[in-house]
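**Q** Sequence plus predicted model, see below.
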Amino acid sequence: MRRAVCPGSFDPVHHGHLDVVGRAAVLFDEVVVAVGVNASKNRLFAPEERLAMLEEACSAWDNVRVDGFTGLLTTYCTENDVRAVVKGLRGAGDFEYELPMAHMNSSLTGVDTVFVPTRPEWSFLSSSLVKEVAAFGGDVAPFVPPAVLERLTARLAERRSAGA
């Protein structure tokens, strides 16, 4: 079985992420969308919330499942018989950032990295940008699934009312 992993923090998941996951689902027998859990990072959504949003957003693909992991991605790959890491690239800067990690991952475990260029209509998207625009009242509905938009709007409202 050709199993690949699409790792990330997905805080929150957006259409750029889902574009890469969907395209990976065509290339591999199974795709695991692996949510990295790093306790030292301050995220808008808890790991359980990110997993739930991804499970809903990825439900259309029969060969995609969602899982969480801590520690090294290479350890997760070894423990789960993952043959490839799939990373979306928005531009040259992403490639410059991702290539050394791909080399390290290959050196540690032999797992290969497959780079998938993000479709042009999503090439500017990042979770950070989605959160920032939404926090200032911008309309991010075109960029995230409806259920994610609902959770994002509610979470930002909670934060505003807690800070008031």
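**A** Cool, got the structure. Numbers count the residues shown, from 1 in each chain.

**Q** Give the other helices and strands that the helix or strand bottoming out on mean pLDDT in the chain contacts.
**A** Ranking every helix and strand in the chain by mean pLDDT, DSSP states H and E puts helix 146-163 at the bottom, with a mean of 92. For helix 146-163, the packing partners by 3 or more Cβ pairs under 8 Å, 6 or more residues apart in numbering; DSSP states H and E come out as helix 47-57, helix 127-135. In this view, the C-beta of every residue, glycine as well, is placed from N, C-alpha and C.

**Q** which of those helices sits most buried?
**A** Each of the helices and strands packed on helix 146-163 was scored by mean neighbour count; the highest is helix 47-57, a mean of 19, by mean count of other Cβ atoms under 10 Å.

**Q** Make CSV from the helices and strands packed on helix 146-163 and add distance to Val31 to it.
**A** Formatted as CSV, the helices and strands packed on helix 146-163 follow (distance: least, Cβ to Cβ, whole Å):
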stretch, distance to Val31
helix 47-57, 12
helix 127-135, 19
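
**Q** Pro145 is nearest to which of those?
**A** For the helices and strands packed on helix 146-163, the distance to Pro145 is smallest for helix 47-57, at 4.9 Å, taking Cβ to Cβ.

**Q** what's the following helix or strand after that closest one?
**A** Sequence order places strand 64-69 as the next helix or strand after helix 47-57, per DSSP states H and E.

**Q** could you dump that next one to CSV, C-alpha only?
**A** In CSV, the C-alpha atoms belonging to strand 64-69 read as follows (Å, rounded to 0.1, in the frame of the first residue of the first chain):
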residue,chain,number,x,y,z
VAL,A,64,-8.1,10.0,3.6
ARG,A,65,-8.0,9.7,7.4
VAL,A,66,-7.0,12.2,10.0
ASP,A,67,-4.6,11.6,12.9
GLY,A,68,-2.6,13.6,15.4
PHE,A,69,1.0,13.2,16.3
